[in-house]
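Q: predicted model, plus sequence, below.
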Amino acid sequence: MKAYKLNDNVVKYTFGNPINTDAVVLSGEELYKDNIDFFNIKAEEDLSFSYIMNKTDIVYGLGESQRGMNKRGGIYEAFCSDDPMHTPDKKSLYGAHNFIVIDGKDKFGVFVDCPGKAVFDIGFSHKDELKIKVEEKDVNIYIINGKSAKQIVKEFLNIIGETYAPPKWAFGYQQSRWSYEDANAINKIADKFIENKIPCDAIYLDIDYMESFKDFTIDEKAFPNFKDFVQDIKNKGFRLIPIIDAGVKIEKNYDIYEEGVQKGYFCTDENGNNFIAAVWPGRCHFPDFLNSEARRWFGLKYKNLTELGIEGFWNDMNEPALFYTNRGLKEAIETAKASEKENLDIYSCFALKDKFINMSNNIEDYKSFYHNINGKLINHYKVHNLYGYNMTRSAAEGLEEIENNKRFLLFSRASYIGMHRYSGIWTGDNSSWWEHILLNIKMMPSLNMCGFLYIGADTGGFSSNANSQLVTRWTQFSLFTPLFRNHSAMGTRFQEPFSFDEDTNGILKKAIELRYALIPYIYSEYMKAVKNRDMYFLPLSFVYEDEMSKRIENQLLLGDSLMLTPIYEENAIGRYAYLPEDMLLWKVKEYEKRKYSIVKQGHHYIDIGLDEVPIFIRKNKMLVLGKHAQNVEKLDNKELNIIAFVEDKAEYIYYDDDGKTCDYKNNRYTEIFIQIEKTEKDYVMTVENRGNELVKELNFEIVDIDGNIHRKKTYLNG
Ligand code: MIG
């Protein structure tokens, strides 16, 4: 083992000869001391790291995974998996996010940079033992020190590089469904949003738009004159976001297939033949995204669609999901044939069923194909977790080459740490279950800890049927998530805002309008988090140091000013909330009508009607609120409302930029610094404009500690 010091707080320990995953962007100088103080390390069949936790130690992290924000009590496997049943016992979901923070007697972070399988047993096998196991002994382990969990996360975000920022329109509401089968169906959806005056920025194209599920093709029958269609929809105010799948259909004269074969850009089997597995289109080859040439080749294919006016994509099935291989199919059929004349008992009957179930995403298949990494053949199983990451990197790098400096919307299903520099993620095939709203809430800060900021779940749930109340409550949470998309599976009940009754339509419309009015704050907080390597959603314990705050997992802090207390239970018309300090509560029915109340530090039952969104503004903090419009580009935020809860002094930096280019990376953005200070009888505001030419008026609504509202106005830009 060798140790390298990256900076004062981070040491990298290298075991064997690991593959470079490009997760971490810093390198460091070699150290003499090379033992990891915290762990008992064993190299047997696999490499394991164990640590004894104190009773009250908390373990944060693991991004997209099951269970709580505190991961203690669970066992988790980092192995990107297409498993659509997100039950609490599932060890893996679509992403592999191997970063944890131990917050207890010792405080430290661990990033296990391992592209193969890693197991995190966090007090499952033994309640006090944390044990990390990696099968591949070639691995980098990063140990991150810091004074608090929050600081450790920040150190980590520092070494993995700046997170992706989508265009500003991607902060609007987005409507999706698998089964919008043709141009007509999409037009109807667009028209409904317009008719109902519900703001919306994007409509999704699921696999229905492709010709026999072939990447970068368009079904001309269902979508004639695609280029004009894209423009027509844009004229109506929406962008279309097509899906791209990982598998490439084997079909003569299909150019992507032909080129991939000819250039040797597909993954191969042990004999050097292109690996075959079936997905949507039937049998496919799989682009070798770990090969830099193949990556560039595939990434530039996105041009086929950008040329038609497309400005955003979602990459799916890139764990990669495998429906079956010839091997698996043959085995299943043979077992079935042999079973035909048997008298199957419970065991043999289940074994037969399992043969078919295990045809998909089978480990044996993952072990049977290879990547070409810099001329070396590497077994897929060893680098499994890098596949989706590199598919999406391929897209991002391609898009950058296609249109340099333009921000595209891009997110992926499978991911690995490091992919956050290229795109966002959505959390995959959840269900229309109340439990999944809570899972969504808890997952958000964990994902932020791993670098992913542009994130969101399928609002309303993907599988199974949603009722109006579930979609309402879920929307009332999702309106705070950077990716705010309602998506559902083919065959399930429709769940667009107007698919239910009038009442629900009205409530959802108001909730979506609130989202648009919040965009000045949401965008400002998002972009500051990008630039400052901060989180957007935080657990209460990252800001408040009291013991109770450590236990709260069903409330979140959003940026600098807000606390959220979402409802995630059926028929609830309120909930318990814990306030670590006095806060201002605004229950939003319609954002134009504002009434506030002060809620004191402590535990409370808060009534929250089905048509209300609770927003808590923290003490000595402020919220920037604009107005809604039919879509983000129509927002007119000349006048902004500043809602502040001020005991003595509050400060805020309001960030904005062009929302279209990557110029913010070269410090081309604007800020308005706002300070509100209480004097003996009044409030004094200081406003310092650092380049913002759009905002003309700030309307202050300052609520004092007794609940009195002080209204004031400040003019900017003449
Ligand atoms: O096997 O494209 O997670 O969002 O609608 C299902 C169809 C394939 C899975 C994605 C989902 C998408 C669906 N896809």
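A: Now that the structure is in, tell me what you want to look at.
Q: can you get me a residue count around the closest residue to L377 other than its chain neighbours?
A: In space, and not counting its chain neighbours, L377 is closest to Y370: 4.7 Å by C-beta to C-beta, 6 or more residues apart in numbering. Just so you know, the C-beta spots here come from the backbone N, C-alpha and C atoms, and that holds for glycine as well. By other C-beta atoms under 10 Å, 23 other residues sit near Y370.
Q: list, one by one, the residues from this structure near the ligand.
A: With C-beta under 6 Å from any ligand atom as the criterion, the chain meets the ligand at residues 178, 206-207, 243, 316-317, 413, 428-429, 462, 487.
Q: just the ones of those residues in strands?
A: Among the residues of the chain next to the ligand, the ones falling in strands (DSSP state E) are 243, 316.
Q: still on that earlier bit, pLDDT value on the residue nearest to L377, please?
A: pLDDT for Y370: 98.
Q: and if you look at E688?
A: pLDDT recorded at E688 is 97.
Q: one more: D37?
A: If you check D37, the pLDDT there is 87.
Q: host element of it?
A: When elements are assigned from DSSP states H and E, D37 belongs to no helix and no strand.
Q: can you get me a residue count around it?
A: For D37, the neighbour count with other C-beta under 10 Å is 9.
Q: do N532 as well
A: Neighbours of N532 (other C-beta under 10 Å): 11.
Q: quick check: longest helix of this protein.
A: helix 502-532 (DSSP state H).
Q: relative to the whole chain's centre, how far out is that one?
A: Distance of helix 502-532 from the chain centroid (C-alpha atoms, centre = their mean, to the nearest Å) equals 16 Å.
Q: look up how far the ligand lies from the residue nearest to A294 when sequence neighbours are not counted.
A: Leaving out its chain neighbours, the residue that sits closest to A294 by C-beta to C-beta, 6+ apart is Y265, at 3.7 Å. In this view, Y265 and the ligand are 23 Å apart by C-beta to the nearest ligand atom, to the nearest Å.
Q: show me the contacts for Y265.
A: Y265 makes contact with 259, 287-288, 291, 293-294, 297-298 under the criterion C-beta atoms under 8 Å, 6 or more residues apart in numbering.
Q: okay if I get the residues you listed as JSON lines plus neighbour count?
A: As requested, the contacts of Y265 are exported to JSON lines (neighbours: other C-beta atoms under 10 Å):
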{"residue": "E259", "neighbour count": "14"}
{"residue": "P287", "neighbour count": "28"}
{"residue": "D288", "neighbour count": "28"}
{"residue": "N291", "neighbour count": "21"}
{"residue": "E293", "neighbour count": "12"}
{"residue": "A294", "neighbour count": "23"}
{"residue": "W297", "neighbour count": "19"}
{"residue": "F298", "neighbour count": "28"}
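Q: would a markdown table of those with secondary structure and pLDDT be doable?
A: Output for the contacts of Y265, formatted as a markdown table (DSSP: H, G, I helix; E, B strand; the rest coil; pLDDT from 0 to 100):
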| residue | secondary structure | pLDDT |
| --- | --- | --- |
| E259 | helix | 98 |
| P287 | strand | 98 |
| D288 | coil | 98 |
| N291 | coil | 98 |
| E293 | helix | 98 |
| A294 | helix | 98 |
| W297 | helix | 98 |
| F298 | helix | 98 |
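Q: state the pair within these that is farthest apart.
A: Greatest spacing in the contacts of Y265, by C-beta to C-beta: E259 and N291 (14.0 Å).
Q: pretty sure I617 contacts L564?
A: No - using C-beta atoms under 8 Å, I617 makes no contact with L564, being 11.2 Å away.
Q: who does the residue nearest the centre of the chain bridge with?
A: With distances taken as C-alpha atoms, centre = their mean, the residue of the chain nearest its centroid is I455 (2.6 Å). Taking DSSP bridges, one obtains I425 as the residues bridged to I455.
Q: likewise for the one 4 residues further on?
A: Under DSSP bridges, the beta-bridge partners of T459 are N486.
Q: hmm, it is touching S478, no?
A: Yes - counting by C-beta under 8 Å, T459 touches S478, with 4.1 Å between them.
Q: okay, and the common contacts of those two?
A: With C-beta under 8 Å, 6+ apart as the test, T459 and S478 both reach 484-486.
Q: out of T459 and S478, which sits in the busier spot?
A: Legend: neighbour count by other C-beta under 10 Å for T459 and S478, higher for T459 (30 against 26).
Q: mind checking pLDDT for the closest residue to the ligand within the stretch 201-350 of the chain?
A: Using C-beta to the nearest ligand atom, I207 is the residue of the stretch 201-350 of the chain that sits closest to the ligand, at 4.3 Å. I207 carries a pLDDT value of 98.
Q: can you pull the domain assignment for the protein?
A: Domain segmentation of the chain under automatic domain parsing yields 2-160, 325-359, 525-715.
Q: just put these in a markdown table and tack on distance to N505.
A: A markdown table is the format used below for those (distance: least, C-beta to C-beta, whole Å):
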| stretch | distance to N505 |
| --- | --- |
| domain 2-160 | 29 |
| domain 325-359 | 40 |
| domain 525-715 | 12 |
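Q: might you name the residue of the stretch 401-550 of the chain sitting closest to the ligand?
A: For the stretch 401-550 of the chain, C-beta to the nearest ligand atom, closest residue to the ligand: D429, 4.6 Å.
Q: quick one: contacts for the residue lying closest to that residue once chain neighbours are set aside?
A: Among residues not flanking D429 along the chain, P84 sits closest, at 3.8 Å (C-beta to C-beta, 6+ apart). Shown in contact with P84 (C-beta under 8 Å, 6+ apart): 428-429, 462-463.
Q: save those residues as TSV, and put in neighbour count too.
A: Shown next, in TSV, are the contacts of P84 (neighbours: other C-beta under 10 Å):
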residue	neighbour count
G428	21
D429	20
F462	26
S463	19
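Q: what's the closest of those residues to N689?
A: Distance to N689, by C-beta to C-beta, is smallest for G428 among the contacts of P84, at 42.6 Å.
Q: my guess is the closest one contacts S92, does it?
A: No - with contact defined as C-beta under 8 Å, G428 does not reach S92; the gap is 11.2 Å.
Q: tell me the contacts of the closest residue to R407 other than its chain neighbours?
A: The spatially closest residue to R407, leaving aside those adjacent along the chain, is P167, at 4.2 Å (C-beta to C-beta, 6+ apart). Contact analysis of P167 by C-beta under 8 Å, 6+ apart lists 311-312, 407-409, 659-660.
Q: could you redo the last one with a cut-off of 10 Å?
A: 201, 239, 311-312, 406-409, 632-633, 658-661 (C-beta atoms under 10 Å, 6 or more residues apart in numbering).
Q: where's it relative to I243, distance?
A: To I243, P167 is 18 Å away according to C-beta to C-beta, to the nearest Å.
Q: separation between the residue in the chain positioned nearest to the ligand and Y94?
A: Using C-beta to the nearest ligand atom, the single residue of the chain nearest to the ligand is W178, 3.5 Å away. Remark: distance between W178 and Y94 (C-beta to C-beta) = 16 Å.
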